[in-house]
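In: Mind folding the following:
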Amino acid sequence: MLEAINLTKTYEDGQLALDHLNLKVEPGEIFCMFGANGAGKTTTINLFLNFIPPTSGTALIEGIDVAKEPLHSKEFVSFVSENVTLYGNFTAYQNIDFFTKLAGKRNLTKADYARALESVGLQKDAFDLRTKTYSKGMRQKLGLAIAVIKGAPNILLDEPTSGLDPKSGQEFLNLLIKMRDEGNSVFMSTHDIFRAKLIADRVGFMKKGKLVMLKTRADLEGEDLTELYIQYMEEREA
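Out: This is a model prediction of the structure:
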């Protein structure tokens, strides 16, 4: 479970990036957060990962305060960013082996790695290629495989579908649904309304650091999510 309690971040220049966010993402739920660039989506993720400290409020992962117990909390979360960082001279096998062992899992085999890579749709002939030759979509798949094999109950995703072709995008959505059905909580920051509306159990709209709308799948029955987003944001501008 992921939970934000009055989570607030003001940067040194005075910019209020996140304004008293209260949000809970339950096990077995996919939550998608929408908003323009600078709305507070990535700041929220960075606070959950303790990449930056909160100005006030609390971020909890499985009930653990990430600011007070950052290493312990990271045992229960995996993260995939828009631009996955990999070692370019390493192959997919070498990258997943390195990051998995870095996360403390040392009993996995090459066959385990292959299953994880296959599960995210990475083609087999790429497993032994150096990742500096990869397309962005291939890098995203490898990053997701590294997150999946960790086996954490919570997944944080920052624009994860960026750079994925339609087939890869559908494979990615299917994997997220599988992870949700296995009881994981999934938090996804995205601009990809088309894909997100296919899988989201709840959606939230962020604007200027505030969560200005929260709706469930049932709330969205018969709604056009794209039009709702545009209209709602325009109303807020007025």
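
In: quick one, phi psi at Tyr229?
Out: Taking degrees, to the nearest 10, you get phi -60, psi -50 for the backbone angles of Tyr229.

In: Next: Asp97.
Out: When quoted as degrees, to the nearest 10, the phi and psi of Asp97 stand at phi -70, psi -50.

In: Not counting residues beside it along the chain, what's closest to it?
Out: In space, not counting the residues next to it along the chain, Asp97 is nearest to Tyr113; the distance is 6.5 Å by C-beta to C-beta, 6 or more residues apart in numbering. Quick note: C-beta positions are derived from backbone N, CA and C, even for glycine.

In: And the contacts of the host helix or strand of that neighbour?
Out: Using DSSP states H and E, Tyr113 sits in helix 110-119. Counting by C-beta atoms under 8 Å, 6 or more residues apart in numbering, helix 110-119 makes contact with 92-93, 96-97, 100, 124, 127, 141-142, 145-146, 148-149, 175, all of which sit outside it.

In: and what of stretch 166-173?
Out: Looking at stretch 166-173 with C-beta under 8 Å, 6+ apart, the contacting residues turn out to be Val120, Gly121, Gly137, Gln140, Lys141, Leu144, Pro160, Thr161, Leu164, Arg195, Leu198, Ile199.

In: do that again at 6 Å, thanks
Out: Surrounding stretch 166-173, the residues in contact under the criterion C-beta atoms under 6 Å, 6 or more residues apart in numbering are Gly121, Gly137, Thr161, Arg195, Ile199.

In: same check, this time on stretch 131-147
Out: In this structure, residues lying in contact with stretch 131-147 by C-beta under 6 Å, 6+ apart are 78, 80, 84, 86, 88, 92, 95-96, 99, 116-117, 120-122, 163-165, 168.

In: From Gly151, how far out is Asp65?
Out: Distance check for Asp65 against Gly151: by C-beta to C-beta, to the nearest Å, it reads 22 Å.

In: for Asn174, same thing?
Out: From Asn174 over to Gly151 the distance is 18 Å, taken as C-beta to C-beta.

In: now do Asn46
Out: From Asn46 across to Gly151, the span is 23 Å (C-beta to C-beta).

In: now swap in Val120 and tell me
Out: 14 Å.

In: Look at the two and report which has more neighbours.
Out: When Val120 and Gly151 are compared on other C-beta atoms under 10 Å, the one with more neighbours turns out to be Val120, at 22 against 13.

In: what sits against that one?
Out: For Val120, the contacting residues are Lys141, Leu144, Ala145, taking C-beta under 6 Å, 6+ apart as the criterion.

In: Take these and keep only those in helices.
Out: Restricting those to those inside helices, with DSSP state H as the criterion, leaves Lys141, Leu144, Ala145.

In: Need those residues in TSV (columns: distance to Lys208).
Out: As requested, these are exported to TSV (distance: C-beta to C-beta, whole Å):
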residue	distance to Lys208
Lys141	34
Leu144	30
Ala145	35
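
In: that older thread, per-residue confidence, the residue nearest to Asp97, what does it come out as?
Out: If you check Tyr113, the pLDDT there is 96.

In: again, but for the one 4 residues further on
Out: In the prediction, the pLDDT value recorded for Leu117 is 93.

In: Likewise for the one 3 residues further on?
Out: At Val120, the model reports a pLDDT of 83.

In: Next one: it from Phe51, what distance?
Out: Using C-beta to C-beta, one obtains 24 Å as the distance from Val120 to Phe51.

In: what do you get for Glu118?
Out: The spacing between Glu118 and Phe51, counted by C-beta to C-beta, is 31 Å.

In: What of Val186?
Out: Using C-beta to C-beta, one obtains 19 Å as the distance from Val186 to Phe51.

In: Understood, closing this out.
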